[in-house]
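Peer 1: Sequence and predicted structure are below.
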Amino acid sequence: MNHSGIRVVSPTEQVNARTAELDAVPTLELVRLLHEEDRTVPDAVAVVLPRLAALVDDAAARVAGGGRVHYFGAGTSGRLGVLDAAELLPTFGLPDDVVIAHQAGGATALVRAVENAEDNDDGADATEVTGADVVIGLAASGRTPYVGAALTAARAVGAATALITSNPNAPLGELADYLLVADTGPEAITGSTRLKAGTAQKLILNTFSTALMVRLGHTYGNLMVDMRATNAKLRGRSMELLVQATGADDAECAAAIDLCGDLKTALVYLLARRRTAVTPDECRAALAMSGGRVRQALATLDADPAPSADLPA
């Protein structure tokens, strides 16, 4: 048996002098040391923000044109991609076929390690990628074969590609149109990229997907206007959102939701009727014309005033 394996050349694999005595210190000092390492992550992420903004704009244009976003990762990286994609449906009402997460080893790998899954380089999971899509590889080491195969397949069909990594010398960097390197340095536990590198990936994915949802019109200001009210807490949040955005009272907001049938149309209805007479159907049509963007829908209604029915008593 060959025991040599592959040696990863990355800052994440170096020994961290600051935590070299981690097993010998009192517990309070142990958690303080871990916390001090975590505090360095936001500054490492800040470096990639200009490239991240460009990726968001590219992805927004592609998704608006019918494309999709695919995350590919193994281990912790893949699980973070799955988590990010899964949270977009309830938070922003996004259909589950727009941002798609691919985990090396499949669903089983979400809860337990799958032997050698990250070394799978056949690209089979990327066969559904088209030239209209964006493929984002997640690899702290910047060398994961599973991710490399996906980026190669994406390049072959003309999709936009990105790599989120903590390795400034990532071997897969040449496959990325958008190379996002959050150099988090040596881990507190040598090579354990579930720590700082994983936190950096989580921050970047949070920022990417949230900014993408804003650009696609799923917010009004900082309010989640496409949120799916699937439980009592979220139904209450929907009402509070309307009150905050419009200044109307609970009774008016409840009546608007009943009249309009959904939160976003009710929001446009309540805001637009301050300036012009509108009907729910006109608000719905204005939203459709604006791609679901509330501000643009309001501008359309102001430019083309029409008669309206009042809210029911």
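Peer 2: Right, received. Where do you want to start? The structure presented is a predicted model; accordingly, all values stated were derived computationally and were not measured.
Peer 1: and the lowest-mean-pLDDT helix or strand in the chain, which residues are buried?
Peer 2: In the chain, the helix or strand scored least confidently by mean pLDDT, DSSP states H and E is helix 232-246, which has a mean of 87. Buried residues in helix 232-246, counted by 16 or more other C-beta atoms under 10 Å: 237, 238, 241, 242, 245, 246. Any C-beta I mention is one placed from the backbone N, CA and C, and that applies to glycine too.
Peer 1: What strand or helix carries the residue lying closest to the fourth one once chain neighbours are set aside?
Peer 2: Going back to what we said before, that points to residue 242. Closest residue to residue 242 apart from its sequence neighbours, by C-beta to C-beta, 6 or more residues apart in numbering: residue 253 at 3.9 Å. Here residue 253 sits within helix 250-260, counting by DSSP states H and E.
Peer 1: Next SSE downstream of that helix?
Peer 2: Immediately after helix 250-260, counting by DSSP H and E, sits helix 263-272.
Peer 1: neighbouring contacts of that following helix?
Peer 2: 220, 225-227, 229, 238, 241-242, 245-246, 248, 252-253, 256-257, 259-260, 278, 280, 283-284, 286-287, 292, 294, 297-298, 301-302 (C-beta atoms under 8 Å, 6 or more residues apart in numbering).
Peer 1: can you check stretch 101-113 too?
Peer 2: Counting by C-beta under 8 Å, 6+ apart, 70-75, 78-79, 81-82, 84-86, 114, 117-118, 120, 125-126, 144, 146, 150 sit against stretch 101-113.
Peer 1: Sort out for me which of those are in helices.
Peer 2: Counting by DSSP state H, these place 75, 78, 79, 81, 82, 84, 85, 86, 146, 150 in helices.
Peer 1: Find the nearest non-adjacent residue to the third one, please.
Peer 2: The spatial neighbour of residue 79 that comes closest, neighbours along the chain excluded (C-beta to C-beta, 6+ apart), is residue 110 at 5.9 Å.
Peer 1: And the fifth one, by the same measure?
Peer 2: Counting by C-beta to C-beta, 6+ apart, residue 101 is the residue found nearest to residue 82 once chain neighbours are left out, at 4.2 Å.
Peer 1: is it true that the one you found lies in a strand?
Peer 2: Yes - looking at residue 101 with DSSP: H, G, I helix; E, B strand; the rest coil, it is inside a strand.
Peer 1: and it, how many neighbours does it have?
Peer 2: Other residues within reach of residue 101, judged by other C-beta atoms under 10 Å, total 22.
Peer 1: How much space separates it from residue 299?
Peer 2: 35 Å (C-beta to C-beta, to the nearest Å).
Peer 1: How about residue 46?
Peer 2: 34 Å.
Peer 1: for residue 156, same thing?
Peer 2: Taking C-beta to C-beta, one finds residue 156 at 42 Å from residue 299.
Peer 1: before we move on, the earlier item: list the contacts of the residue nearest to residue 242.
Peer 2: 239, 242, 243, 246, 266, 270.
Peer 1: On the three-state scheme, the residue nearest the centre of the chain is what?
Peer 2: By C-alpha atoms, centre = their mean, the chain has its centre lying nearest to residue 209, at 2.5 Å. Secondary structure, three-state DSSP: residue 209 is helix.
Peer 1: mind checking pLDDT for the nearest residue to it once chain neighbours are set aside?
Peer 2: Nearest non-adjacent residue to residue 209, counting by C-beta to C-beta, 6+ apart: residue 84, 5.4 Å away. pLDDT, residue 84: 97.
Peer 1: try the one 10 residues further on
Peer 2: The predicted local distance difference test score for residue 94 is 93.
Peer 1: now swap in residue 231 and tell me
Peer 2: 79.
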